[in-house]
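Novice: Pasting a predicted model and its sequence here:
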Amino acid sequence: MLANLKEWLHDRKQHLDLFDETKTAQQDNPLYIVGGLVWLTWMIVIVSGIILMVWYIPTTTGAYRSIMHLTEDIPFGWLVRGFHKYGADMLVISITIRIYRMYFAGEYKKPGELSWMILFASLVLAMISGITGYALIWNQRAFWAAKTVLTVPTYYDEIPGVGQTGIGHAIAYIFLGGPALGQPTLTRFYAIHYGISIVFAILAEIFFYRTRRRRLNLSFFTIGLILAFLTYVSFDQLTAMGRWANPNRTPLPILSDWYFLALYQLVKYMPPLWAGIAPGLLIGYGMIVPFLDRTKETRPLERPFFFVVGAYALALFIGFTTLIMLNIAVISRDPPIILAVTIVVLSFAFIWEMVHRRRKAQAAAARRPVPAGRPAAAS
């Protein structure tokens with residue numbers, strides 16, 4: 001078994017594609033420049049983050065003031081901060097688009113499983129980096145968003161039949177650094193936020209050094225367009241500071257970055273335990289989907305079940321994000337409706353898959369040559 005795993009890893013490493021660097025011939029399709037965008041925006045985030053470190057003070061008393069000073073007093077400080085903030089948003093968008101492209105195009109199938117798993121893990125890490133970086137401002141919104149997120153692990157202590165294991169509170173304590181959000185939390189978030197990018201940037205450089213592949217396969221026009229767009233957005237939508245974090249005053253509603261909004265709405269609808277388990281199940285499904293979809297077909301409509309699941313997940317993300325932004329959530333009404341719709345959609349997807357496979361099997365049987373001496377099947 002170990003030998004098979006080594007062989008599998010060796011083969012998939014030969015076909016590893018981190019930023020679409022092997023798909024340069026397909027770049028006339030806009031969906032195949034997103035890999036390059038992932039690398040470009042990632043570098044923008046790292047470089048702007050290193051510059052921000054010069055002025056940033058990672059303390060609960062100094063963080064907010066240091067960012068105010070950077071934004072208002074340092075020449076082009078607002079631009080550096082805007083590049084960091086909106087570059088990170090563009091990074092998450094690029095990863096998400098690439099994930100959906102790979103999903104619907106079946107690019108996660110052999111030999112692309114490892115590329116898919118690394119890309120999916122990079123989205124999770126980008127979101128962790130996002131929530132930890134979000135808290136570094138130490139304003140009201142960031143403080144309470146972090147407090148909400150760090151409450152989720154404590155739900156793991158409510159698993160029926162297992163009893164109070166204390167694992168959930170232990171996980172929360174590790175990130176908090178104490179019983180509540182404070183200086184130890186800020187220090188841990190600061191280390192995680194920068195550590196994730198630096199460690200994986202080094203690993204990516206080792207990969208490119210060994211494969212001798214080109215890191216960025218975008219035209220100068222595309223690069224210039226991205227930089228111009230980030231400059232415009234940084235100037236026109238100067239990142240708001242909000243109020244300094246106040247542990248005694250809860251803002252309503254408590255909102256985080258846009259890519260967490262759907263999860264916040266899900267947490268509203270679910271019992272606390274499931275709110276803690278659901279993100280893990282979603283991540284687990286994403287990581288193992290190449291091993292669940294075992295057909296050789298790559299076209300979306302040739303894989304009805306996985307096509308419907310992907311489309312439904314996208315619809316839920318957009319729907320939940322819209323609902324929380326409009327502050328709509330009827331706890332007594334919405335969850336049963338969503339559960340019923342989910343059951344109907346998944347049942348429809350399963351039946352469609354079965355009918356499709358049966359038709360394909362019948363078509364294959366009809367094309368099979370009839371042995372000599374045996375009458376052909378009636379059509």
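Specialist: Received it, and whenever you're ready, just let me know what you need. Note that the structure is predicted; figures quoted are calculated from it, not measured.

Novice: Compute the number of surrounding residues for the closest residue to Gly178 other than its chain neighbours.
Specialist: Nearest residue to Gly178 in three dimensions, chain neighbours excluded: Pro184, at 5.2 Å (C-beta to C-beta, 6 or more residues apart in numbering). (Each C-beta comes from the backbone N, C-alpha and C, glycine too.) Pro184 has 15 neighbouring residues, counting by other C-beta atoms under 10 Å.

Novice: Could you do Thr61 as well?
Specialist: When neighbours are counted by other C-beta under 10 Å, Thr61 registers 11.

Novice: again with Gln14
Specialist: 10.

Novice: again with the one 5 residues further on
Specialist: The number of residues packed near Phe19 is 27, by other C-beta under 10 Å.

Novice: Identify the residues contacting it.
Specialist: By C-beta atoms under 8 Å, 6 or more residues apart in numbering, Phe19 lies in contact with Gly35, Gly36, Val38, Trp39, Arg215, Leu216, Asn217.

Novice: Buried only: go through those residues for me.
Specialist: Those of those that meet the buried threshold are Gly35, Gly36, Val38, Trp39, Asn217, by 16 or more other C-beta atoms under 10 Å.

Novice: Quickly find the element holding the closest residue to the third one other than its chain neighbours.
Specialist: With sequence-adjacent residues excluded and distances taken as C-beta to C-beta, 6+ apart, Val38 is closest to Ser94, at 4.6 Å. Assigned by DSSP states H and E, Ser94 belongs to helix 77-104.

Novice: from the chain's centre, how far out does that helix sit?
Specialist: 10 Å (C-alpha atoms, centre = their mean, to the nearest Å).

Novice: Between the buried ones among the contacts of Phe19, which sits nearest Ile283?
Specialist: Of all those, Ile283 sits closest to Val38, with 18.9 Å by C-beta to C-beta.

Novice: Which residues are in contact with the closest one?
Specialist: Phe19, Leu91, Ser94, Ile95, Arg98, Ser122.

Novice: which of these tops the neighbour count?
Specialist: Within those, Phe19 tops the neighbour count with 27 neighbours, counted by other C-beta under 10 Å.

Novice: list the buried ones in stretch 55-63?
Specialist: Those would be Trp55, Tyr56, Pro58, Thr60, Ala63, for stretch 55-63 by 16+ other C-beta under 10 Å.

Novice: Just flag the most distant two among those residues.
Specialist: Longest span within the buried residues of stretch 55-63, C-beta to C-beta: Trp55 and Thr60, 16.7 Å.

Novice: rewinding a little: can you put the contacts of Val38 in a markdown table and add distance to His69 and pLDDT?
Specialist: What follows is those, written out as a markdown table (distance: C-beta to C-beta, whole Å; pLDDT from 0 to 100):
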| residue | distance to His69 | pLDDT |
| --- | --- | --- |
| Phe19 | 35 | 91 |
| Leu91 | 26 | 95 |
| Ser94 | 31 | 95 |
| Ile95 | 32 | 95 |
| Arg98 | 37 | 95 |
| Ser122 | 33 | 93 |
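
Novice: Specify which member of the residues you listed is nearest to His193.
Specialist: For the contacts of Val38, the residue nearest His193 by C-beta to C-beta is Leu91; the value is 13.4 Å.

Novice: isn't that closest one right up against Ser48?
Specialist: No - contact criterion C-beta atoms under 8 Å: Leu91 and Ser48 do not qualify, at 11.5 Å.

Novice: and the closest residue in space to Leu263 that isn't next to it in sequence, what helix or strand is that in?
Specialist: Nearest non-adjacent residue to Leu263, counting by C-beta to C-beta, 6+ apart: Pro279, 6.5 Å away. Per DSSP H and E: Pro279 is located in helix 272-292.

Novice: circling back to that earlier point, for the residue nearest to Gly178, which residues are in contact?
Specialist: Contacts of Pro184 (C-beta under 8 Å, 6+ apart): Leu176, Gly177, Gly178.

Novice: Flag every buried residue along the host helix or strand of it.
Specialist: In this structure, Pro184 sits in helix 183-211 according to DSSP H and E. Neighbour-count burial for helix 183-211 flags 185-186, 188-190, 192-194, 196-197, 200, 204, 207 (criterion: 16+ other C-beta under 10 Å).
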